[in-house]
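Engineer: Here you go, sequence then predicted model.
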Amino acid sequence: MKIREIAISPRLKNVLRAVRDMARRIFYYGKKRYCPVCGKSFRQFCMFGVVPREDAQCVYCGALERHRFLWLYLLRKTNLFDGMPKKMLHFAAIRCFANKLREMLKEGYLTADICNPNAMVKMDITNIEYPDKSFDVICCSHVLEHVQDDIKALRELFRVLKNNGWAVILVPITTEKTVDDPSIVEDLERLKAFGQKDHVRRCGPDYIDRLHEAGFSVDVIKVNDLVQNSEAVRMGLTAASGEIFYCTK
């Protein structure tokens, strides 16, 4: 006998989601952890990851370690929040960032993605259809490890950045030296070689050489450049936060 699937209305899905979220917030109630993205406190971050990491994801906004690190850097060390008009190009924007930045930058904020239908424009990062020197700010986090021709992508980012602009670029640093192998095309083989089936390389600290090759001047920012250890623990800023490449022309 076949078991018939029960159709759930969108309204009921929303109710169930709200109940789930409320239960999670009760379970995680506390003050030991703080998310700088949404500004809320709780007992600990949720578990998250292909290989699950404890204390990783914000209970409220979903921000991961790298998102919290990047947001804190943007807030404390850049001119993004100085109230002056800016044009910002944001690749693969996540919801916890996009809503805040859209509200702040208004029509100056543009999200782009080649796959995500929620992005404002569909865009191939290796062929950015905007004129030279179009943007004051570019944010590109955990995108380039998915792009076969990342050198071309970086040159495009350099091209559309204004002379006095800046870009923040993040890639997962998971090996001592960057490894590419275009011959690996099967999902399982990519999973074994690069850690995820949709990755096309592993990036090492030497990835900075590719940024230089594209023309950028680069500062490398690590968690301990931004916060003391006690603050890092409270905000869940760990090795999984990675590094930020702050790039200028």
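Structural biologist: Done, it's in.
Engineer: C-alpha only now, for contacts and for neighbours.
Structural biologist: Fine.
Engineer: Please identify the buried residues of the longest strand seen in the chain?
Structural biologist: If you go by DSSP state E, the chain has its longest strand at strand 161-170. Residues 161-162, 165-170 are the ones in strand 161-170 that count as buried (16 or more other CA atoms under 10 Å).
Engineer: Could you pull out the buried residues of whichever strand or helix holds H212?
Structural biologist: H212 belongs to helix 208-214 when elements are defined using DSSP states H and E. Buried residues in helix 208-214, counted by 16+ other CA under 10 Å: 208, 211, 214.
Engineer: so where do the helices sit in the chain?
Structural biologist: Using DSSP state H, the helices found in the chain span residues 10-27, 65-77, 95-105, 150-160, 187-194, 208-214, 223-226, 229-234.
Engineer: Rebuild those helices as CSV, extending it with distance to V200 and mean pLDDT.
Structural biologist: Formatted as CSV, the helices of the chain follow (distance: least, CA to CA, whole Å; pLDDT from 0 to 100):
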stretch, distance to V200, mean pLDDT
helix 10-27, 34, 74
helix 65-77, 20, 97
helix 95-105, 25, 91
helix 150-160, 10, 98
helix 187-194, 7, 94
helix 208-214, 15, 98
helix 223-226, 26, 95
helix 229-234, 31, 96
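Engineer: domain parsing for this structure?
Structural biologist: Taking automatic domain parsing as the reference, the chain has its domains at 8-63, 64-248.
Engineer: Quick one: end-to-end distance for the last one.
Structural biologist: Pointing back at domain 64-248 there. 26 Å (CA to CA, to the nearest Å).
Engineer: centre of the chain versus it, how much separation?
Structural biologist: Put simply, domain 64-248 sits 6 Å off its chain's centre (CA atoms, centre = their mean, to the nearest Å).
Engineer: Check the first one too.
Structural biologist: In terms of CA atoms, centre = their mean, the centre of domain 8-63 is set 18 Å apart from its chain centre.
Engineer: Nearest residue to the middle of this structure?
Structural biologist: In the chain, the centroid-proximal residue (CA atoms, centre = their mean) is S141; its distance is 4.0 Å.
Engineer: Could you find the closest non-adjacent residue to that one?
Structural biologist: Nearest residue to S141 in three dimensions, chain neighbours excluded: L170, at 4.5 Å (CA to CA, 6 or more residues apart in numbering).
Engineer: Show me the strands paired with the longest strand of the chain, marking each as parallel or antiparallel.
Structural biologist: According to DSSP bridges, strand 161-170 forms sheet pairs with strand 135-141 (parallel), strand 244-248 (antiparallel).
Engineer: Would you convert those into JSON lines that also reports distance to Y60 and mean pLDDT?
Structural biologist: Shown next, in JSON lines, are the strands paired with strand 161-170 (distance: least, CA to CA, whole Å; pLDDT from 0 to 100):
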{"stretch": "strand 135-141", "distance to Y60": "21", "mean pLDDT": "98"}
{"stretch": "strand 244-248", "distance to Y60": "24", "mean pLDDT": "98"}
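Engineer: Perfect, I'm done here.
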